[in-house]
Each structure stands twice: as structure tokens, then as C-alpha cells.
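Participant: Just to be clear, the model below is a prediction. Sequence and coordinates:
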Amino acid sequence: MAEAAPLTFLCITTYEKGQEFMRECKRQGCRVFLLTAETLRNADWPRESLDDTLDMPADLPVPEIVKAVSYLAREKKIDRIVALDEFDMETAATLREHLRILGMGLTTMRYFRDKLAMRMKALESGIRVPNFIPVLNHEDIRYYLDHVPGPWVLKPRSEASAIGIRKIDSAEDLWPVLESLGDQQSSFLLEKFVPGDVYHVDSVVSEQEVVFSSVSQYGTPPMAVAQQGGIFTTYLLPDESQEAVSLRQGNRDLIKALGLVRGVSHAEFIQARSDRHFYFLECAARVGGAYICEMVEAATGINLWREWARIEIAGGKQPYHLPAARGDYAGIILSLARQEEPDTSGYKDPEIALRLKKRHHAGLVLRSHDPARIQSLLENYSQRFAQEFLAIEPQGTKPAA
């Protein structure tokens, strides 16, 4: 019998990320092509793992990308197309449907990109979500404002992280904002603001089954950090904690409802202070940003990028086996820094597993057998980071990572 040809992956990203995904594909004998933005031509890509790198101009329309990739496909048989960043998911799904390639199509993709679609699908499946309404019919919006007490948050349907989210305190404040959006109103939803603690569940999914998940709690909620500045922290919770048990089950129900077949996911939930229930906020079919992958790997030994690559290679046609996971705990502290290359050498605790290197950012990943030790260090380091490094700048229009 003829030996099967190696799989060819086309990886798409307009951010500098996913290096370990590409390395693992190459380690498994695949051919790897990278399609990225011209501005990232000289970024720190794993060039030893790439068969070719293709550049595209910023804001190139999706139909033009389809033409370019279709031209490439004349000479290069493409077996998998993977978006390594959330902003490239629509492009990847469009290409898969056009070229009839295995993977997530446009309909399922919207459940992981469109905040309105994911809320409606979750609600249909009996998953709690904050009370919301599409920004469509003004009469319906008036009824909503009269019957759902404020404050509320106005959210873009297809942005990532906390980009573009605005807190609305009164009905009188809302209407001028909607007027300023003009024809873009329908690209937003309005949702009741729920005070509480925010958690995230990071998962590996194989053939619709969550085969691995880690449950973590943010320090200050991400929306507050993004809009007001401050120190970003998050840390893994003990598996046996009540929060982790509830969120793991809620996450399994969510993944089933949204229809993720294989890959990774980053889901966020809030535990309302008013009733202590968990409410679903959003879910992305990607690796979480802000070095969450490094935190999960420090605690468990599971690298989410690497496992995602292995699952994509298997493609549902071969069995996937998750490596054995360690049972340690980990946390992250990260902030914008006044210094271009902040010096964290004054932090000497043995729990420091990784010092993050990024211009104008200070960050550490911590690891310990004791979850209380991680939380204690994060509290102490947050005070020190605020004095030694913290810088605050206006929220951007795209995430930094």
C-alpha cells in the first residue's frame, strides 16, 4: 500500500500567537503554511516548522483571501484550515466551506464569535445567561428598559475580550449612544449588568467530549481591567471546590449546546452576588489570551496549543489520547508597565515558574502544590506591581494578545 501523504495545514492569524500549534504539527510530520498580516512578516514565528509563510495586506476582504487561497490550492493540497486567533475565525470558516475542507463551518462559528448567537443558543438549552435583548426593535428595547432594572452593558456582538463594551446607567444615557451607532446598532446587544466574580473554563474537546478542563477565577473582572486599567490576575481553583464542580458541568453543557466538535475553548461565567448562581458570559473556540495557556501548562503539564494541534491532526478519524495531567496549581499576574523592559528580578519566590517577556508588560506565572499560596502571592505581588510597574492607557480597539 502507498504511504499516506502528510497532512497540509494552513494556519491563519493576524496576531503573533500559536507558535506551539505550528511546532506540534511539524513534529507530527505535517506540512505547515502560515497566512498572516504583512505587518507580522518579521514576527517571531517558528520558521523551522513552516514550509512557507504567506502575507496579506491589513483589512484584505474575505472574498479576496478566498481567491488567494484557492489559487494556492491549485498546487498545494490543503487538508486543514485553522484560525489561531478569534478575529480570523470567519475567514477560516469561509475558506473551509468554499474548499469543502473538514472543520467548523460558518453557522457553528457564529456561536463562538457572535455574542447574541451564543446567548440565544445557550438560553435555548437551559443555560443561565444575564437578561439580554438584541439592539433591533426600539419598541422592544423600551419594554426591556422598563422591565429589566439597570444598569446594563452594551456589547458588540463580534468583538473579543472587553473591547467596545459600555456600561449604561439609565435609559436616558442609552438612546444617544444608540443614535451615535447609526447603522451599526444591530451589531450590538444590551444586557443586564451582573455584579459578581468572573471565572473561566479552558477546555480540550475531542469529538464533542470535553476531555480536559481547568477552572480558574479572575481577580478583578476583565472588563474592569480593560476599561479602567489595573493588574490582571487569574488562578486555578481546586478540582473539588464547589465552584469548580459546578462550572465543569456548566461548561460541558455549554460545549454540547454550542456544538463544538473538536478543538479548544475558553468560556467565561459570572457568579452573581445577588443569588450566587452562575451565568454564562461568552465562549470562544480558541486558546485563552493573556498567557492563560502558560498558566494551565505550569499547573497541569497540558499545553492547550499542542493538544489542539494533535486533535486537528486526528480529525475524528484516529483516536486522540490526552496526556496525563499533573495536579498542581498556578496563577498569573500581568500589567502594563511604565518601563519598556521591566525588571522582575526582585521577585525571588521559588513559586515563580515563568517570567513573561513583552515590551511594556510585567508578568509572572506562579506554580505551587498549595492553591492558598498562589492566591497569597498574587495579592502581595499586585500591591508591588502597582507601585513598581503599573501604567494605564486608554482601551484599544483590538486586544493586545
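Facilitator: Received it, and whenever you're ready, just let me know what you need.

Participant: Quick check: Thr220 touching Ile231?
Facilitator: Yes: contact status for Thr220 versus Ile231: in contact at 7.1 Å, counting by CB atoms under 8 Å. Placement of C-beta: from N, CA and C, glycine included.

Participant: between the two, who's got more neighbours?
Facilitator: Ile231 (21 against 17; other CB atoms under 10 Å).

Participant: pLDDT at the more buried one, what is it?
Facilitator: Ile231 carries a pLDDT value of 96.

Participant: for Asn131, same thing?
Facilitator: Taking Asn131 on its own, its pLDDT is 98.

Participant: Nearest residue to it in space, please, no chain neighbours.
Facilitator: Lys192 (4.4 Å; CB to CB, 6 or more residues apart in numbering).

Participant: Can you report how many residues neighbour that neighbour?
Facilitator: Lys192: 18 neighbours (other CB under 10 Å).

Participant: in the sheet, who's paired with it?
Facilitator: Trp152 (DSSP bridges).

Participant: Hmm, it is touching Ile133, no?
Facilitator: No: with contact defined as CB under 8 Å, Lys192 does not count as touching Ile133 (9.5 Å).

Participant: Would you mind listing the residues touching both of these two?
Facilitator: Shared contacts of Lys192 and Ile133 (CB atoms under 8 Å, 6 or more residues apart in numbering): Val148.

Participant: mind checking the SS state of the residue lying closest to Arg355 once chain neighbours are set aside?
Facilitator: If the residues on either side of it in the chain are set aside, Arg355 comes closest to Thr344, at 5.4 Å by CB to CB, 6+ apart. Three-state assignment for Thr344 (DSSP: H, G, I helix; E, B strand; the rest coil): coil.

Participant: Thr344: neighbouring residues, count only.
Facilitator: Neighbour tally, Thr344, other CB under 10 Å: 20.

Participant: contacting residues for it?
Facilitator: Shown in contact with Thr344 (CB under 8 Å, 6+ apart): Arg355, Ala362, Gly363, Leu364.

Participant: now Phe212
Facilitator: Ser203, Val204, Thr300, Ile302, Glu307, Leu322, Ala325.

Participant: let's go with 10 Å and repeat that
Facilitator: Listed by CB atoms under 10 Å, 6 or more residues apart in numbering, the contact set of Phe212 reads 202-206, 264, 296, 300, 302, 304, 307, 322-323, 325.

Participant: Excluding covalently adjacent residues, which one is nearest to it?
Facilitator: In space, Phe212 is closest to Val204, 4.1 Å off (CB to CB, 6+ apart).

Participant: center of the protein - which residue?
Facilitator: Ranked by distance to the mean C-alpha position of the chain (CA atoms, centre = their mean), the top residue is Gly288 at 3.6 Å.

Participant: That one touches Glu282, doesn't it?
Facilitator: No: shown here, Gly288 and Glu282 do not form a contact pair, counting by CB atoms under 10 Å, at 11.4 Å.

Participant: Can you work out which residues contact both of the two?
Facilitator: Shared contacts of Gly288 and Glu282, defined by CB under 10 Å, 6+ apart, are found at His200, His266, Ala267, Glu268.

Participant: Those residues: which two are farthest apart?
Facilitator: Farthest pair in the shared contacts of Gly288 and Glu282 (CB to CB) is His266 and Glu268. Separation: 7.4 Å.
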